[in-house]
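S.K.: What would the 3D arrangement of this be:
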Amino acid sequence: MIGAAIRNDLEAAGARLSEGVPLAGLTTLRVGGPAAILAECASTETLVAAVHALDMAGVPTLILAGGSNLLVSDAGFDGVVVRVANDGVAIEGNRVVVQAGAVWDDVVAKTVSAGFGGLECLSGIPGSAGATPVQNVGAYGVEIASLLRRVQLLDRRTGDVAWVGPEALGLGYRTSVLKHRDDALVLAAELELHPDGVSEPLGYRELASALDANEGERRPAAQVRDAVLGLRRGKGMVLDGADNDTWSAGSFFTNPIVSPDRIDGVLAAIAARVGDARIPRYPAEAGVKLSAGWLIERAGFAKGHPGPDAPARLSTKHTLALTNRGAASAADLVALAREVRDGVEAAFGVRLEPEPVLVGHAL
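M.R.: Numbers count the residues shown, from 1 in each chain. Predicted structure coming up:
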């Protein structure tokens, strides 16, 4: 139960409070039970004051922005869900400063429309700007790490607010030191743009082919954005309320990185099972990165698995996305995730790790 004193503190900070709000309506998977209290924070000042008040009072707190990277249990959250709704976007010279609650694709669209390049390959990714450094979001050969110049953080232990450079974040493949910890909260980020309006070098073969270009070329950012959105739509990876293939958290599993001492054995096991010497693999800092989607398919999980009557299914367009077909529960999605993870591990000895944050669940 949230006491009157903390309610007064949240309202004094400027938060708008609601009770029993279903979290399914605030996540892209469209599952999740109610929040005891939802506190919407429309400014950075309100967000800082509200979170600090909750932390000082020891109230269980869940931070939620775009909801694109959350799988919340059917029981909901018995505490305060803080909705990050500060959404300012300011282009200053060749840099853009974005507040954490800004819709990420709106940020990309605004920079491209203003004649800047750099973010175009990250078009169509659902969620908020504040999540991008936490996940080191990336797509089509570009990661936030290559564009990020600094991040504004709230230290939840002290209440201090400060800007830090990317070197302090431990940015890696779909991860950072901010992931799976809650003592620091992203308030804003500053990203560097290309003032000439051209893209990052095309580093992904599928995208280069769609543009009839060579890998490494640079093209007008608007042209690349259109191509990226087209490719993502074809995979059900651009939000569309009428398309259940987009009722997802995007790619549910990260591409696994296999250590150098294991890779030969893993590749041999894969080849023995599928008889395919052309196993997609890419160099990575900690070993060799394999394609999670490719492994899922070769382990016997086809698009649309387990079938048309299942409430939770793999996308009919993209095996890496777990989707809600309209009536799925969080438990349905967790069960499907376990089935896929365990099936891939049994087939190839490779354990897939989930990309979304699970609240009230564990795989």
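S.K.: Find the nearest non-adjacent residue to the most centrally placed residue in the chain, please.
M.R.: The residue lying closest to the centre of the chain (C-alpha atoms, centre = their mean) is N69, at 4.7 Å. In this structure, N69 finds its nearest non-sequential neighbour in P356, 4.9 Å apart by C-beta to C-beta, 6 or more residues apart in numbering. C-beta: built from backbone N, CA, C; applies to glycine.
S.K.: Please name the residues that touch the one you found.
M.R.: Counting by C-beta atoms under 8 Å, 6 or more residues apart in numbering, P356 makes contact with L29, N69, L70, L71, A249, F252.
S.K.: Which helix or strand contains the residue nearest to R281 when sequence neighbours are not counted?
M.R.: Using C-beta to C-beta, 6+ apart and skipping the chain neighbours, the partner closest in space to R281 is V288 (5.1 Å). Using DSSP states H and E, V288 sits within strand 287-290.
S.K.: which strands and helices sit next to the helix or strand that comes right after that strand?
M.R.: Using DSSP H and E, the helix or strand that follows strand 287-290 towards the C-terminus is helix 292-298. Counting contacts by 3 or more C-beta pairs under 8 Å, 6 or more residues apart in numbering; DSSP states H and E, helix 292-298 is packed against helix 260-274, helix 330-348.
S.K.: Okay, the residue nearest to R281 and G343: tell me how far apart.
M.R.: Per C-beta to C-beta, to the nearest Å, V288 is found 21 Å from G343.
S.K.: contacting residues for V151?
M.R.: P133, W163, V164, P166, L169, V186, A188, A189, E190 are the contacts of V151 under C-beta under 8 Å, 6+ apart.
S.K.: Confirm for me that the second one is in contact with R150.
M.R.: Yes: with the criterion set as C-beta atoms under 8 Å, W163 and R150 qualify as a contacting pair; they are 4.8 Å apart.
S.K.: and those two? which has more neighbours close in?
M.R.: R150 (20 against 14; other C-beta atoms under 10 Å).
S.K.: Show me where the stretch 1-150 of the chain dips below the pLDDT cut-off.
M.R.: Applying pLDDT under 70 to the stretch 1-150 of the chain flags residues 1.
S.K.: tell me the strands in it, going along the chain?
M.R.: Assigned by DSSP state E, counting those that start in this stretch, the strands in the stretch 1-150 of the chain fall at 16-22, 34-41, 61-64, 70-72, 77-84, 89-92, 95-99, 138-139, 142-143, 148-155.
S.K.: returning to what we had before: what's the distance between the strand holding V288 and the middle of its chain?
M.R.: Distance of strand 287-290 from the chain centroid (C-alpha atoms, centre = their mean, to the nearest Å) equals 21 Å.
S.K.: Mind checking which of the contacts of V151 are buried?
M.R.: Buried subset of the contacts of V151 (neighbour count, 16 or more other C-beta atoms under 10 Å): P133, P166, L169, V186, A188, A189, E190.
S.K.: okay, these in JSON lines with distance to E19 next?
M.R.: Compiled in JSON lines, those are given as follows (distance: C-beta to C-beta, whole Å):
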{"residue": "P133", "distance to E19": "32"}
{"residue": "P166", "distance to E19": "39"}
{"residue": "L169", "distance to E19": "36"}
{"residue": "V186", "distance to E19": "27"}
{"residue": "A188", "distance to E19": "29"}
{"residue": "A189", "distance to E19": "32"}
{"residue": "E190", "distance to E19": "36"}
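S.K.: Pretty sure T246 sits against L239.
M.R.: Yes: in this structure T246 lies within contact range of L239 using C-beta under 8 Å: 5.1 Å.
S.K.: what's the overlap in contacts for those two?
M.R.: T28.
S.K.: Low-confidence stretches in the stretch 151-300 of the chain?
M.R.: Residue ranges of the stretch 151-300 of the chain with pLDDT under 70: 276-277.
S.K.: which residues of it fall in strands?
M.R.: Under DSSP E, counting those that start in this stretch, the stretch 151-300 of the chain gives strands at 161-164, 184-192, 257-258, 281-284, 287-290.
S.K.: looking at those, which is buried most?
M.R.: Counting by mean count of other C-beta atoms under 10 Å, strand 184-192 has the highest mean neighbour count of these, with a mean of 22.
S.K.: Now do the domain split for this protein, please.
M.R.: Per automatic domain parsing, the structural domains of the chain span 4-84, 89-234, 244-359.
S.K.: end to end, how far does the shortest one reach?
M.R.: Spelled out, it's domain 4-84. 22 Å (C-alpha to C-alpha, to the nearest Å).
S.K.: ok, back up a step: could you dump the strands of the stretch 151-300 of the chain to TSV with distance to D87?
M.R.: Below are the strands of the stretch 151-300 of the chain laid out as TSV (distance: least, C-beta to C-beta, whole Å):
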stretch	distance to D87
strand 161-164	18
strand 184-192	11
strand 257-258	34
strand 281-284	34
strand 287-290	34
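S.K.: Ok, which of the ones you listed comes nearest P22?
M.R.: strand 184-192 (23.9 Å; C-beta to C-beta).
S.K.: Could you tell me which strands that closest one is paired with, and in which direction each runs?
M.R.: Here strand 184-192 is paired, per DSSP bridges, with strand 95-99 (antiparallel), strand 148-155 (antiparallel).
S.K.: okay, the ones you listed, which one's buried deepest?
M.R.: Of the strands paired with strand 184-192, strand 95-99 is the most buried (mean count of other C-beta under 10 Å), at a mean of 22.
S.K.: Also compute the angle for it relative to strand 77-84, please.
M.R.: 150 degrees (axes from the mean of the first three to the mean of the last three C-alpha atoms, to 10 degrees).
S.K.: Residues contacting strand 95-99, please?
M.R.: Contact with strand 95-99 is made by 44, 86-90, 107, 110-111, 116, 129-130, 149, 187-193, as judged by C-beta under 8 Å, 6+ apart.
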